[in-house]
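Undergrad: Here's a sequence, model it:
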Amino acid sequence: MKWGYWICLYTQTHCTARGLRPRTIAAYRATLDQFRAYVEVRLAGLPPDAITACHVLEYLEHLRRERNNGDSAVNRQATILKNFYRAMVAMGHLQPAENPLAHFPTVKGAPRKLPVTLSPEEVQRLLNAPPVDTVLSLRDRAILALLYGTGIRATECAELTEECVDLAERTVRVAGKGGHERTIPLNTQVVETLALYRRQRGLRSPTAPFFQSRGKRSMSRGAIYQRVRKWGQAARIPKRVSPHRLRHTFATHLVQA
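TA: You can find the predicted model right below:
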């Protein structure tokens with residue numbers, strides 16, 4: 001009972017108050033539920049206020065040896081558990097001295113790898129892959145141009161509305177992580193591609209989604225990923241193409257320029 005109450009308190013009260021996005025909160029809940037399941041099986045269902053640092057160290061070792069988790073995954077689990085107990089202290093459910101992870105050792109970080117990016121030639125093949133004979137293919141061409149031309153995230157792209165895209169001022173306004181809003185300039189190629197899509201699609205109300213599905217609804221983050229992956233394959237790019245890879249490519253090409 002206490003596990004369920006504390007996890008709900010952390011995710012629905014603490015994380016929501018911090019302005020975390022629903023997907024992030026869901027990921028935190030899944031991580032805590034996974035630890036809770038481990039405790040029920042391996043530790044006879046100890047309540048959360050009876051957990052010790054030793055228990056958590058054993059759990060992290062379990063992730064490495066029995067679940068083959070890498071350094072990044074283990075570090076993420078440790079960080080979420082530390083934040084969970086820190087929040088319980090802040091909300092008065094634990095005394096500071098009772099926090100089992102108050103002095104938990106820092107887990108060695110995973111070595112940073114350079115991101116894989118697309119070459120300028122591959123980017124051009126990708127941007128030219130969707131034809132211009134249908135509204136949906138023009139939409140996909142506009143999505144690719146916007147992702148590469150601005151480096152915005154897939155979720156930010158999916159959540160764009162008509163009023164967020166100002167082609168006269170050559171800017172796009174997006175709400176990023178934590179609800180932080182920013183305005184990004186658009187280059188000429190992106191403006192022309194978005195204008196062509198908007199012209200062929202027709203005008204919409206200011207609050208309507210800018211990128212729409214076949215059923216005239218807003219596109220999901222997963223749909224954005226699927227369209228980018230589809231055109232990456234159509235362009236015969238040997239690397240896996242995703243919105244996040246386009247984000248890395250945008251940053252890399254910007255630095256090189």
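Undergrad: Against residue 196, how distant is residue 13?
TA: To residue 196, residue 13 is 46 Å away according to Cβ to Cβ, to the nearest Å. In short, each C-beta sits where N, CA and C put it, glycine included.
Undergrad: Show me which of those two is the more surrounded one.
TA: Each of residue 13 and residue 196 has its neighbours counted (other Cβ atoms under 10 Å); residue 196 has more, 15 against 12.
Undergrad: Name the residues that touch the helix or strand of the chain with the lowest mean pLDDT?
TA: Confidence across the helices and strands of the chain bottoms out at helix 16-17, with a mean of 88, counting by mean pLDDT, DSSP states H and E. Residues outside helix 16-17 that contact it (Cβ atoms under 8 Å, 6 or more residues apart in numbering) are residue 25.
Undergrad: Would it be right to say that residue 13 lies in a helix?
TA: Yes - assessed by DSSP: H, G, I helix; E, B strand; the rest coil, residue 13 belongs to a helix.
Undergrad: give me every residue that touches it.
TA: residue 91.
Undergrad: one more time with 7 Å
TA: By Cβ atoms under 7 Å, 6 or more residues apart in numbering, residue 13 lies in contact with nothing.
Undergrad: Low-confidence stretches in the stretch 151-257 of the chain?
TA: Applying pLDDT under 70 to the stretch 151-257 of the chain flags the ranges 178.
Undergrad: I misspoke; the intended subject was the stretch 1-150 of the chain.
TA: Residues of the stretch 1-150 of the chain that meet the cut-off, pLDDT under 70, sit at 1, 108-110.
Undergrad: name the element residue 104 belongs to?
TA: For residue 104, there is no host helix or strand (DSSP states H and E).
Undergrad: so residue 237 makes contact with residue 122?
TA: Yes - in this structure, residue 237 is within contact of residue 122 by Cβ atoms under 7 Å, at 5.1 Å.
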